[in-house]
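Generate coordinates for the sequence data below:
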Amino acid sequence: MFLRKLFTLTTLFLAISLFAFAEGTRTWEQSKYEDFQKGTTHGVAISSDGTLELAPAFKLVATTPASAVWATAVGPQGEIYAATGGPARVYRILPGGQPVAIFQPQELQVQALAVDKNGVLYAATNPDGKVYRIEHVAAKTAVKDDKAKSQSEAEWKSSVYFDPGTKYIWDLALDDSGNLYVATGDHGEIFKVTSKEEHSLFFKSDEPHIRVLAFDAQGNLIAGSDGSGLIYRITPKGEGFVLYSAPKREITSLAVDKAGNIFLAAAGEKRSGGAAALGPTVVIAQPTPPPAAAATPAGAPQAVAPAPEPPVSLNPSNSVGPGGSEIYRISTDGSPELWWSSHDDLVYTLAFDQKGRLLAGAGNKGKIFAIPGRDDYTDLIKAEANQVTAFTKAPGGGLFASTSNLGKIFLLGAAPDGDGSYESDVFDAHIFSKWGRAEFRGSGNVELFARSGNVDNPDRNWSAWKKIDLAKDAAVTAPPARFVQWKAVLHPAALHSAALHSAALHSDDAAPRVESVTLNYLPKNVAPEFDDIMVTPGVRYQALPRPPNADASQHFDAPPAPIHDRQSVGVKWLVHDDNDDQLTYSVYYRGDGQTRWLLLKGNLSDKFYSFDASLLPDGGYTVKVIASDAPSHSPQEALSAEKESSRFEVDTTPPKISDFKAVVHGKNIHVQFRVTDAFSPIKRVEYSIDANDWHFVEPVGQLSDAKSENYDFDAEIPEERPTYDAEKLATTGETATEEHVVVVRAYDRFDNMTLSKVVIDVIHAPVN
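Modelled structure (predicted):
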């Protein structure tokens, strides 16, 4: 299992790598179970090792008017009895005949059946059910044909054989002595009813429900519960021993092989603190209202088939959903092991075919799985119903398989009885493509076909199926298109044609087998397509580090990280290629009024590029990016595309300050200057006096929207402690000089900044 998972992961990784570096001829291969599961089978089985083989014959025997057939039994003359729900009936089906209702109870469904050696039928009903005894009361009239026989069906008598007084009866089992065992809920009891109709409590568990019963070779009763998923071995004396507590909550089926190994199917997640209160997950079909006379014998087929409601659960809050089913094997030494599991399929029934293989009937896709070994399984059959609910041995070999939604009975044979076919899923090449050779790996008598189209639904005017000659060049002759599909027809060995003899198919006498089909194709090359180009001055793009486990040959196409950098211009683009080719890029620029594109950088593999803004003089520019798929094609086949960006501006030169003057007027300083920029308008101007806070100042006219602005304003001199001694000046008659520093800074629209300062002297004289 581990090796298969490792192989799957490796294959997936290689597929991703090939997808990222797609070039030239490509392949579509199907060789794994997961691949084949996407297709459609007709008499073909899919094995877990990824092969297609002929499935055993699977023929419809009867369709009942009910929505669900929960159990079947075979009578002494080979007749079939079917227990149904929606409505609750017991039907009798003669070989080649139609279902005839012989029992109609008041309860909602007939859950279980058993037939003793004398042909007496026992039927268990749910809910608040009983065990009924059903038997002939009159001999059949002599008839000449089957049609007359069905019209004059003998009367049947039904009577209550045993009433356990419990909510549910889940299963019935007869031992070799004719004793009937009755599995019940919701007290987890098993009752024994002897052939003399003496009944007793045979076994009492601490589980809410005993769901299924089976006998081993020693005559011990094997029972499976709902609540804790327990498997009991109960001796003929009623002494119980827990063989296994399954990880799942409910045991849905049991089967014991000839060697004494016990197989059990389990479903439902266990819940802590109250598992014992949970009900079984078995689905019951909603019936139509019962007739006025409940147990009236029915001597003729029912004239009107009911229209059942959708299935409902006995305990809707606990219906099986996520978690699926698991099958375990308990060996003769008592050791358990997980045999098979599925997250999607719920197993309702287990049995063994004529080859001794374990079969599992499941829902809600109506599948039958063959499970010959641990982690070795085959998707054997897809029934025309949602659930496969029960298996019963058929006379002359084979198994009867009953289903629900809809209530049908099928005969599963031991071997194929004719051809089988498999249709692959539809492959989307994503672009118009030419099909090449098919590579086939398999054996036996297999024919291969292909068809193509330009819509994803093959029923909408695709080409006809074209045979692929595997004995020659195996060319796919379906017309070029976007979509393609293949079909394999498997012929039994005895029906092979001499025209198919080929070393590639190994031996025609071998059973037909498909292991792998690979189609080669060449997409028509199309040019890359740009979605957008974005240019951002003041940004530098930086590539993100590669993931630590990324392959060195794999293209890493994560979006770049933007970093603020006033001295850079960042360019990034979005481009796609329908061929998934490897692309290279070249970046060009052109200034306003220029006609020639100049190369900034070529042979780029990333979808971004950053450059130093000072390389370009101040002005307006446009960038053009050219994408080429040359790395994935020969020179004559390579294509390219280009796209221009929106216009952007580059300005790396700061403005200039001129005519800077500052004079003192009383307690203020009158400041005048002019700011000019060669390319962009002046954005803002600020001033500071004596290294105090910066103050915003508006230009003359207030609006700052031109490349040249004049400034004329009064700034208050900061109130500071004088740097001179006023008393000394008054005494000596001397003067003192005090300096003030006026600094202005100006920004253009691209935040380029310039500074200028002026120093002024303030003379302080003595005051007379």
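
Quick one: the helices in the chain, in order.
For the chain, applying DSSP state H gives helices covering 2-20, 33-36, 146-151, 726-732.

What sits closest to L604 if chain neighbours are left out?
Setting aside the residues directly before and after it, L604 is nearest to Y585 in space (C-beta to C-beta, 6 or more residues apart in numbering), at 4.3 Å. Any C-beta I mention is one placed from the backbone N, CA and C, and that applies to glycine too.

For the one you found, list the residues it contacts.
For Y585, the set of contacting residues under the criterion of C-beta atoms under 8 Å, 6 or more residues apart in numbering consists of 573, 575, 604-607, 609, 625-628.

low-confidence ranges in the chain?
By pLDDT under 70, the low-scoring segments of the chain are 1-23, 138-154, 272-323, 494-509, 546-557, 720-736, 763-768.

on that earlier part again, so what sits opposite the residue nearest to L604 in the bridge?
Residues in a beta bridge with Y585, per DSSP bridges, are L604, A627.

Would you mind measuring from it to T64?
Y585 sits at a distance of 68 Å from T64 (criterion: C-beta to C-beta, to the nearest Å).

got it, and L639?
With distances defined as C-beta to C-beta, the gap from L639 to T64 amounts to 63 Å.

is it true that P105 touches Y132?
Yes. Between P105 and Y132 a contact is recorded at 6.8 Å, counting by C-beta atoms under 8 Å.

Ends of stretch 208-225, what's the gap?
Between the opening and closing residues of stretch 208-225 we find a distance of 8 Å, counting by C-alpha to C-alpha, to the nearest Å.

what about that stretch, distance to the chain center?
How far stretch 208-225 lies from its chain's middle: 37 Å, per C-alpha atoms, centre = their mean, to the nearest Å.

Please point out which parts of that stretch sit buried.
In terms of neighbour count (16 or more other C-beta atoms under 10 Å), stretch 208-225 has its buried residues at 208-215, 220-225.

Among those, which ones are in strands?
Within those, membership in strands is found for 209-215, 221-225, as judged by DSSP state E.

Columns distance to P655 on top of those residues, output as JSON lines?
Shown next, in JSON lines, are these (distance: C-beta to C-beta, whole Å):
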{"residue": "H209", "distance to P655": "88"}
{"residue": "I210", "distance to P655": "93"}
{"residue": "R211", "distance to P655": "88"}
{"residue": "V212", "distance to P655": "91"}
{"residue": "L213", "distance to P655": "96"}
{"residue": "A214", "distance to P655": "95"}
{"residue": "F215", "distance to P655": "101"}
{"residue": "L221", "distance to P655": "100"}
{"residue": "I222", "distance to P655": "95"}
{"residue": "A223", "distance to P655": "94"}
{"residue": "G224", "distance to P655": "89"}
{"residue": "S225", "distance to P655": "88"}
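
Tell me how far V623 lies from V571.
6 Å.

list residues touching both of these two?
In contact with both V623 and V571: 533, 535, 587, 645, using C-beta under 8 Å, 6+ apart.

Closest one to E739 out of these, please.
The shortest approach to E739 among the shared contacts of V623 and V571 belongs to V535, at 48.3 Å (C-beta to C-beta).

tally of neighbours for the closest one?
19 (other C-beta atoms under 10 Å).

and if you look at Y621?
Using other C-beta under 10 Å, the number of residues around Y621 comes to 19.

And for Q582?
Neighbour count for Q582, taken as other C-beta under 10 Å: 18.

who's in contact with the residue nearest to L599 when sequence neighbours are not counted?
Residue nearest to L599 in three dimensions, not counting chain neighbours: Y588, with 5.6 Å by C-beta to C-beta, 6+ apart. Contact partners of Y588, counting by C-beta under 8 Å, 6+ apart, are 597-600, 623-626.

Which of those residues sits closest to S342?
Distances from S342 to these, taken by C-beta to C-beta, are shortest for V625, at 50.7 Å.

Now do that closest one against F530, distance only.
According to C-beta to C-beta, V625 stands 7 Å off from F530.

Mutual contacts of those two, please.
Any residue near both V625 and F530 by C-beta under 8 Å, 6+ apart counts here, and that gives 573, 575, 642-643.

ok, so of those, who is nearest G229?
Here the nearest of those to G229, counting by C-beta to C-beta, is V575; it sits at 56.3 Å.

tell me the contacts of the residue nearest the centre of the chain?
With the centre of the chain defined as its mean C-alpha position, the nearest residue by C-alpha atoms, centre = their mean is D344, 11.1 Å away. Residues in contact with D344, defined by C-beta under 8 Å, 6+ apart, are 324, 365.

quick one, phi/psi of it?
Backbone geometry at D344, expressed as degrees, to the nearest 10, gives phi -110, psi -20.

From A45, how far out is it?
18 Å.

Repeat that for T754.
Between T754 and A45 the distance, using C-beta to C-beta, works out to 83 Å.

How about E197?
When distances are taken as C-beta to C-beta, E197 and A45 turn out to be 46 Å apart.

These two: who's more crowded?
A45 (24 against 10).

And for the more buried one, nearest residue in space, chain neighbours not counted?
Closest residue in space to A45, ignoring its immediate chain neighbours: A55 at 4.1 Å, by C-beta to C-beta, 6+ apart.

thinking again about what came up before, most neighbours among the shared contacts of V625 and F530, please name it.
The most crowded member of those, judged by other C-beta under 10 Å, is W573 (21 neighbours).

Any idea what K466 is bridged to?
Beta-bridge partners of K466, counted by DSSP bridges, are A450.

What are the boundaries of the strands in the stretch 351-500 of the chain?
Counting by DSSP state E, counting those that start in this stretch, the stretch 351-500 of the chain forms strands over residues 358-363, 367-373, 376-382, 387-393, 399-404, 408-412, 420-423, 427-443, 445-453, 466-468, 481-491, given from the N-terminal end onward.

just the stretch 201-350 of the chain next, same as before
Going by DSSP E, counting those that start in this stretch, the stretch 201-350 of the chain shows strands at 209-215, 221-226, 230-234, 240-245, 248-256, 262-269, 283-284, 312-313, 325-330, 336-342, 346-352.

Mind putting those strands into a markdown table with distance to W694?
Supplementary listing: the strands of the stretch 201-350 of the chain in a markdown table, determined by distance: least, C-beta to C-beta, whole Å:
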| stretch | distance to W694 |
| --- | --- |
| strand 209-215 | 83 |
| strand 221-226 | 80 |
| strand 230-234 | 83 |
| strand 240-245 | 79 |
| strand 248-256 | 75 |
| strand 262-269 | 69 |
| strand 283-284 | 79 |
| strand 312-313 | 76 |
| strand 325-330 | 75 |
| strand 336-342 | 73 |
| strand 346-352 | 76 |
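
from the ones you listed, which stretch is densest packed?
Mean neighbour counts were compared across these using mean count of other C-beta atoms under 10 Å; the top stretch is strand 221-226, at a mean of 28.

what packs against it?
Judged by 3 or more C-beta pairs under 8 Å, 6 or more residues apart in numbering; DSSP states H and E, the packing partners of strand 221-226 are strand 180-185, strand 199-204, strand 209-215, strand 230-234, strand 248-256, strand 262-269.

what angle do that strand and strand 180-185 make?
Here the directions of strand 221-226 and strand 180-185 differ by 20 degrees (axes from the mean of the first three to the mean of the last three C-alpha atoms, to 10 degrees).

tell me the angle strand 221-226 makes with strand 240-245.
Using the same axes, to 10 degrees, the interaxial angle of strand 221-226 with respect to strand 240-245 works out to 60 degrees.

hmm, back to that, for the helices and strands packed on strand 221-226, which one sits closest to R513?
Among the helices and strands packed on strand 221-226, the nearest to R513 by C-beta to C-beta is strand 262-269 (27.2 Å).
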